[in-house]
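could you work out the structure for the sequence below:
(2 chains)
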Amino acid sequence: MDMNKKYTARTWPESPEKTTLEGKNKFLGFWLFLGGETVLFASLFATYLALKDKVPSNDHYLAADMFELPLVFIMTMLLLTSSLTSVYAMYHMKNHNYQKMQTWLLITVLLGLGFLCFEIYEFNHYVHEFHHTFTSSAFGSAFYTLVGFHGAHVVVGLGWFTLLLVRNAKRGLNLYNAPKFFVASLYWHFIDVVWVFIFTVVYLMGMVG
Amino acid sequence: MSTVAEKRGFLAVLWDYLTTVDHKKIAILYLVSGGFFFLVGGIEAMLIRIQLAVPDNDFVSAGLYNELLTMHGTTMIFLAAMPLLFAFMNAVVPLQIGARDVAFPFLNSLGFWLFFFGGIFLNLSWFLGGAPDAGWTSYASLSIASDGHGIDFYVLGLQISGAGTLIAGINFLVTIINMRAPGMTYMRMPLFTWSTFVASALILFAFPPLTVGLFLMLFERMFGANFFNVAMGGNTIIWEHLFWIFGHPEVYILILPAFGIFSDIISTFSKKRLFGYAAMVFATVLIGFLGFMVWAHHMFTTGLGPTANAIFAVATMAIAVPTGVKIFNWLLTMWGGSIRFTTPMLYAVAFIPSFVAGGVTGVMLASAPADYQYHDSYFVVAHFHYVIIGGVVLGLLAGTHFYWPKMFGTMLNETLGKITFWLFLIGFHGTFFIQHFLGLMGMPRRIWKYLPNQGLDLFNMISTIGAFFMAVAVIVLIANVIITQVKNVRVGNDPWGDGRTLEWAISSPPPYYNFKQLPLVRGLDPLWIEKMEGRTEMTPAEPLGDIHMPNNSFIPFVMSLGLFIAAFGAMYQVDWRASDGAEYVWSIPVLIIGMLITIGSMAVRSMKDDHGYHIHKEDLMDDHDKGGRE
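Residues are numbered from 1 along each chain as shown, chains lettered A, B, ... in the order given. Alright, predicted model coming up:
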């Protein structure tokens, strides 16, 4: 099959991400990878729960003293919305509407970037206001590792989308790059799901002690 | 193709192997490097046994002994047993399911190079200030107190090679799910393919906890985190849990493919269809599932409490049931069969009682109250060597003899093979059977010397003599390999004569595109079905057409090299930050350069289109090997 074959909205297949064997393999392999990633985050959550509020002495701040729900709520909204916009992008990808797909992916990237800025502000705030650092306590190490791993995933996701947009800026959709866009958006959804758990386990459960 | 290869110079061959994405060549890379690390681990084992041969020995120091036992375990599990299994998986599984290659040829190469550089990094510790010395389990309380960089080599080396293993696992899963030939349904897959499938699923879910455990250790030792530091609120039991949530499935990752190799060997040389095929498949899946439920049996004496211990004890004993199903199915496959005792078959027959012995001590250890007596004694050492050597290593040696003709196109000498077998079997039981009694008499594991006249002298000497038998056996095997390759007598498609599965329907070694026309699979043991109907080869499932092939790539090597370089930076920045280490100012730049190499080559990989190439139908018809019919 010619990978660079030009398609129109009429000839474009229904599931372009799974039309070629390469695409099918990529699709399945990436789902499996996300299964492994789930176990990775499960291990990090378990570590965090074991070490939550475990500090060397009484003068350290605990979760309930530091976390502020308004800030985390804004971050959650940014990330959830970015997941929605990536769904729109994939909708247009499936309809072979390349420009709209690009637009929605760009919005996704901007929302993700906004999330990241708030996260950096948040970490900076904890370090300077509460002396809650990576090395100050077991709680600190576990908190920054769990939330930081998620943050690093956001960075990778943003870099991935950006690279895809730049590389494919001028050549439109074909069966070679459609699976790539699709798989990147799967990754973005996964990041979003992990954040939902972080919001619940770290922040909501942190507020109630 | 082969005439061209013979005329090429050494550098061209080297470049070919550095860039190859062909599963058959990657199999050879795994076999050679896994074999190398097997020898390294074996030498470490011999040094351990020499030290323990006589009481109060001064052959090695206490510190060096700790390094030897740590590196022996780590090397054998991560750098020898698993890569050698990957060698056979790569060589055989795509052929067994009638595929042209694995699902992700590029990732296959990346997985190998990550493993290779991780292994080299770990072993460089011997030359750069001392190897890890906290045991292969590297329990946190011990390992965060370990001086020098030994543990850092362990953490970073395993992190890199573990990433490679994870990649290989996903690759095999997708290959087996998506790339099967027409008619190759799940319940027609050979047992080696099935066990590879289940073992790959175990890799996918077992390696991430190890990754996290290693990251925590890495952050703790190199970036000042406090996960395991009790004074800062940490908890060392977290490491134990994470390690064994990985570590217990790991033993099934090792043993299941060995089970698969034995299943294929036993059915081939009994000239019978595998007895209870469906039960075998079900038992394999069940063992894989239960393998995740039992990790805390390694931690009975940690103090999790009687409830947890009881649950994990019962779950552990439950694994004996599907394992028993497999043992009886192997026996009943041989029952009434027309058995030929070739070298692989000898290994298979010897494996059954050896592994049962290891299984029985396993059930003994699973009993939590009794485990308090056995814990950390030589009884445990005897147990896990019975399952690992009696199961995995016998499986690897059997697989080496069985699949050698398919991988290299030559037959290993049967007489030398049988000499290897008997020496190894006698040596193995001589070394480890007696260690059960050493353990029951109270000899603790991981000690570097013992006092004379405590009843331990004779048995330890016997154990050491057994180890030398195994060493001689390995030397005979190497001689066999060299003699065979020098003689270079080529063999045909089915050198054992009784091949049942698809890999024996193709030339040895297969052409680089594997099957010219994908075969039509009409049942379990597809080649045997064709043979029974008087044909010598498979019926094609498709007309001859162009074959799509992936391009070779040097990028996997560079990506892995980048991580290898970055690991040195990550490790030595500790010395640089420890104020007196001005000479380590290069560490952070090296870390950054290494990461840039890796990320940069990833970017190149994604920016540059790689569509592969096609072998045209006309070129295929010029080839003289069989199967080129219109």
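
how about the residues of chain A near chain B?
Residues of chain A lying near chain B by C-beta under 8 Å from any C-beta of the partner chain: A:3-4, A:21, A:24-25, A:28-29, A:32-33, A:35-37, A:39-40, A:43-44, A:46-47, A:50-51, A:54-56, A:134-135, A:137-142, A:145, A:163-164, A:167, A:176, A:180. C-beta: built from backbone N, CA, C; applies to glycine.

narrow the residues you listed to those in helices?
Residues of those located in helices (DSSP state H): A:21, A:24-25, A:28-29, A:32-33, A:35-37, A:39-40, A:43-44, A:46-47, A:50-51, A:138-142, A:145, A:163-164, A:167, A:180.

show me which of the residues you listed are buried.
Buried members of those, counted by 16 or more other C-beta atoms under 10 Å in any protein chain shown: A:24-25, A:28-29, A:32-33, A:35-37, A:39-40, A:43-44, A:46-47, A:50-51, A:138-142, A:145, A:163-164, A:167, A:180.

touching, B:G439 and B:F384? I think so.
No: look at B:G439 against B:F384 with C-beta atoms under 8 Å: they stay out of range, at 11.5 Å.

ok, those two, which is more surrounded?
A count of neighbours by other C-beta atoms under 10 Å in any protein chain shown puts B:G439 above the other of B:G439 and B:F384, at 23 against 16.

extract the C-alpha trace of stretch B:268-282 and format it as CSV.
Extracted C-alpha coordinates of stretch B:268-282, given in CSV (Å, rounded to 0.1, in the frame of the first residue of the first chain):
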residue,chain,number,x,y,z
THR,B,268,8.4,-33.5,18.8
PHE,B,269,10.5,-36.4,20.1
SER,B,270,7.6,-38.5,21.3
LYS,B,271,6.1,-38.2,17.8
LYS,B,272,2.8,-37.3,19.5
ARG,B,273,0.5,-34.3,19.6
LEU,B,274,0.9,-32.6,23.0
PHE,B,275,-1.4,-34.3,25.5
GLY,B,276,-4.1,-32.0,26.9
TYR,B,277,-3.2,-29.0,24.7
ALA,B,278,-6.1,-26.9,26.0
ALA,B,279,-5.3,-27.7,29.6
MET,B,280,-1.7,-26.8,29.0
VAL,B,281,-2.7,-23.4,27.6
PHE,B,282,-5.1,-22.9,30.5
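
so which bits of that stretch are buried?
Neighbour-count burial for stretch B:268-282 [16+ other C-beta under 10 Å]: B:T268, B:F269, B:S270, B:K272, B:L274, B:F275, B:G276, B:Y277, B:A279, B:M280, B:V281.

of these, which is the nearest to chain A?
Distance to chain A across those (C-beta to the nearest C-beta) is lowest for B:V281, with 20.1 Å.

just give the nearest non-adjacent residue to the closest one, would you?
B:W194 (5.4 Å; C-beta to C-beta, 6 or more residues apart in numbering or on different chains).

tell me the contacts of the one you found?
By C-beta atoms under 8 Å, 6 or more residues apart in numbering or on different chains, B:W194 lies in contact with B:G260, B:M280, B:V281, B:T284.

now the third one: which helix or strand?
Going back to what we said before, that points to B:V281. Here B:V281, judged by DSSP states H and E, is contained in helix B:277-290.

and that helix, what does it pack onto?
helix B:191-223, helix B:237-269, helix B:320-334 (3 or more C-beta pairs under 8 Å, 6 or more residues apart in numbering or on different chains; DSSP states H and E).

next, format those helices as JSON lines and append mean pLDDT.
Putting these into JSON lines (pLDDT from 0 to 100) gives the following:
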{"stretch": "helix B:191-223", "mean pLDDT": "96"}
{"stretch": "helix B:237-269", "mean pLDDT": "97"}
{"stretch": "helix B:320-334", "mean pLDDT": "97"}
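
quick one: closest of those helices to B:I475.
Comparison of the helices and strands packed on helix B:277-290 against B:I475 by C-beta to C-beta identifies helix B:237-269 as nearest, at 22.8 Å.

for chain A, give me the ranges with low pLDDT.
Residues of chain A that meet the criterion pLDDT under 70 lie in A:1-4, A:209.

these two touch, right, A:L113 and A:L158?
Yes: counting by C-beta under 8 Å, A:L113 does reach A:L158; the two are 6.4 Å apart.

higher neighbour count, the two?
Per other C-beta under 10 Å, whichever of A:L113 and A:L158 has more neighbours is A:L158, with 20 against 16.

how about that one, phi and psi?
With angles defined as degrees, to the nearest 10, A:L158 sits at phi -60, psi -40.

next, count neighbours for the nearest residue to it once chain neighbours are set aside.
Nearest residue to A:L158 in three dimensions, chain neighbours excluded: A:G112, at 5.1 Å (C-beta to C-beta, 6+ apart). Residues contacting A:G112 under the criterion other C-beta under 10 Å number 26.

now do A:G206
20.

what's the closest non-adjacent residue to it?
In space, A:G206 comes closest to A:A63 once its chain neighbours are excluded; the distance is 3.5 Å by C-beta to C-beta, 6+ apart.

the one you found is in contact with A:V55, isn't it?
No: contact criterion C-beta under 8 Å: A:A63 and A:V55 do not qualify, at 10.3 Å.

overlap in contacts, those two.
A:F139.

B:A566: which element?
B:A566 belongs to helix B:555-577, assigned by DSSP H and E.

that helix vs helix B:191-223, what angle?
30 degrees (axes from the mean of the first three to the mean of the last three C-alpha atoms, to 10 degrees).

from the contact counts, what lies against the following helix or strand past helix B:555-577?
Going down the chain from helix B:555-577, the next helix or strand is helix B:587-607, by DSSP H and E. If you count contacts as 3+ C-beta pairs under 8 Å, 6+ apart, helix B:587-607 packs onto helix A:138-167, helix B:555-577.

and these as TSV, adding distance to B:F207?
Listed next are the helices and strands packed on helix B:587-607 as TSV, based on distance: least, C-beta to C-beta, whole Å:
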stretch	distance to B:F207
helix A:138-167	16
helix B:555-577	16
